[in-house]
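Enquirer: Give me a 3D structure for the following:
(one chain, ligands or ions: 1)
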Amino acid sequence: MAKIYNFSAGPAVMPKKVLEKVQTELLSYKNSGMSVMEISHRSSLFSEIQENAEKNLRRLMDIPSEYDVLFLQGGATLQFTMAPLNFANNFKRIGFINTGHWSQRAIEEANLINGVEAIEIASGFSSGYTKLPEENRTSEDLDYVHITLNNTIEGTAYKEVPYMKDKFLVGDMSSNILGQRYNVSDFGMIYAGAQKNIGPAGLTVVIVRHDLVEKSPNLPAMLSYKKLVNKNSTLNTPPVFAIYCAGLVFEWLIAEGGIDVIEKKNREKAQLLYDFLDNSSLFSSPVSVKNRSITNIPFVTGNSSLDAKFIAMATENGFVGLKGHRLVGGMRASLYNAFPIEGVKELLKIMQKFELEYKG
Ligand code: PLP
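Expert: Numbering: from 1, shown residues only. I've put the predicted structure just below:
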């Protein structure tokens with residue numbers, strides 16, 4: 001098998017050790033004679049998997065005891081609907097910080113809920129979303145404020161979480177959860193699709209403050225945090241295999257030294273690429289220096305046919321998933337937790353070669 005480096009934005013590269021562990025346990029989990037895919041979600045084997053996954057996630061993120069942890073389905077996209085249904089019940093107005101595609105998707109979905117209004121309290125539109133807005137307007141009559149911590153497509157990210165006075169934050173952490181340190185108590189709720197830093201697609205992690213859950217209205221079961229919390233995420237059949245894999249990823253991350261250690265490594269990987277881009281005569285980063293993501297790094301040559309040529313050459317040489325999102329074009333390197341620093345160093349070599357050939 002040829003060596004490849006997977007720069008995909010998601011589903012994304014998994015830790016090799018985790019995949020090997022899955023492989024050894026695939027046919028018979030803990031000598032049960034059954035694969036994890038075959039065990040009942042009501043069995044003690046599965047309860048143990050879920051309990052350990054939750055315990056290790058709490059340890060990694062320092063999740064305070066007044067927060068519930070849910071393992072759900074429907075992707076981060078379903079949370080665009082669930083958060084408003086559960087929390088936008090007083091003023092029926094939600095403040096949104098619009099930092100690009102995924103916050104706009106969240107705005108669109110919130111506006112589809114009867115009586116709920118999404119208010120854009122800040123926007124990065126004027127910079128083409130290459131900068132995060134500096135000022136966030138707030139007003140009394142908002143139920144909460146929604147923020148996208150890492151903008152997977154545009155390549156911006158928050159280092160510090162904005163303070164919204166007496167409004168709680170709902171944070172979409174899909175693309176940088178466990179990749180950099182945030183303080184859980186800065187949020188009323190955090191959600192993330194699993195398929196980047198957590199595990200296989202099909203699982204969504206929700207971390208939510210219990211008093212907010214308690215105050216939420218009576219909703220259809222699968223849309224109600226309260227009912228899901230009361231049933232410990234097993235109101236129906238949970239994504240057993242995905243939770244099992246997520247649990248292994250959490251164990252791997254603890255063995256690696258936890259979030260602070262992996263964040264340092266992530267910063268080193270990103271810095272290598274940014275330093276190259278800032279000194280290149282061909283490639284550049286379109287993103288404002290102080291708002292740059294350490295996870296998703298878009299870059300361009302400024303010429304779309306050269307971009308296409310570079311992507312084709314890179315793909316041929318085993319650098320996969322480098323094509324930028326169709327909305328922004330160019331290239332994008334996604335450097336999630338499991339992505340090795342050697343992959344960045346190898347990428348720089350082919351970028352250098354390409355630069356010499358086309359820029360001289
Ligand atoms: N939010 C962000 C920041 C994302 O990057 C993505 C997917 O890439 C989503 C939401 C949508 O996630 P899902 O496909 O799990 O619904």
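
Enquirer: burial count for the residue lying closest to residue 161 once chain neighbours are set aside?
Expert: Using C-beta to C-beta, 6 or more residues apart in numbering and skipping residues adjacent in sequence, the residue nearest residue 161 is residue 186, 4.6 Å away. Every residue, glycine included, has its C-beta placed from N, CA and C. Close neighbours of residue 186, defined as other C-beta atoms under 10 Å, add up to 16.

Enquirer: next one: the one 10 residues further on
Expert: Around residue 196 sit 30 other residues, with neighbours defined as other C-beta under 10 Å.

Enquirer: Kindly provide the distance from it to the ligand.
Expert: Between residue 196 and the ligand the computed distance is 7 Å (C-beta to the nearest ligand atom, to the nearest Å).

Enquirer: and that residue, what does it touch?
Expert: 9-12, 152, 174-175, 177, 295, 334, 336 (C-beta atoms under 8 Å, 6 or more residues apart in numbering).

Enquirer: same for the ligand: which of those residues are within range?
Expert: By C-beta under 6 Å from any ligand atom, the members of the contacts of residue 196 lying near the ligand are 10, 152, 174-175.

Enquirer: Dump these into CSV; add pLDDT as well.
Expert: Formatted as CSV, these follow (pLDDT from 0 to 100):
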residue, pLDDT
10, 96
152, 98
174, 98
175, 98
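
Enquirer: which one of the residues you listed is nearest residue 226?
Expert: Set against residue 226, the nearest of these by C-beta to C-beta is residue 174 (23.1 Å).

Enquirer: Could you double-check that residue 64 lies in contact with residue 185?
Expert: Yes - the pair formed by residue 64 and residue 185 meets the contact definition of C-beta atoms under 8 Å, at 5.9 Å.

Enquirer: Pull out the buried residues from the contacts of residue 196.
Expert: Listed as buried from the contacts of residue 196 are 9-12, 152, 174-175, 177, 295, 334, 336; burial here means 16 or more other C-beta atoms under 10 Å.

Enquirer: Flag every residue of the stretch 51-200 of the chain that's near the ligand.
Expert: Close to the ligand, as judged by C-beta under 6 Å from any ligand atom, the stretch 51-200 of the chain has residues 75-77, 102, 148, 152, 172, 174-175, 193.

Enquirer: The buried ones among the contacts of residue 196 in helices, which ones?
Expert: Using DSSP state H, no member of the buried ones among the contacts of residue 196 sits in helices.

Enquirer: pull the longest helix from this structure.
Expert: In terms of residue count, the longest helix belonging to the chain (DSSP H) is helix 259-279.
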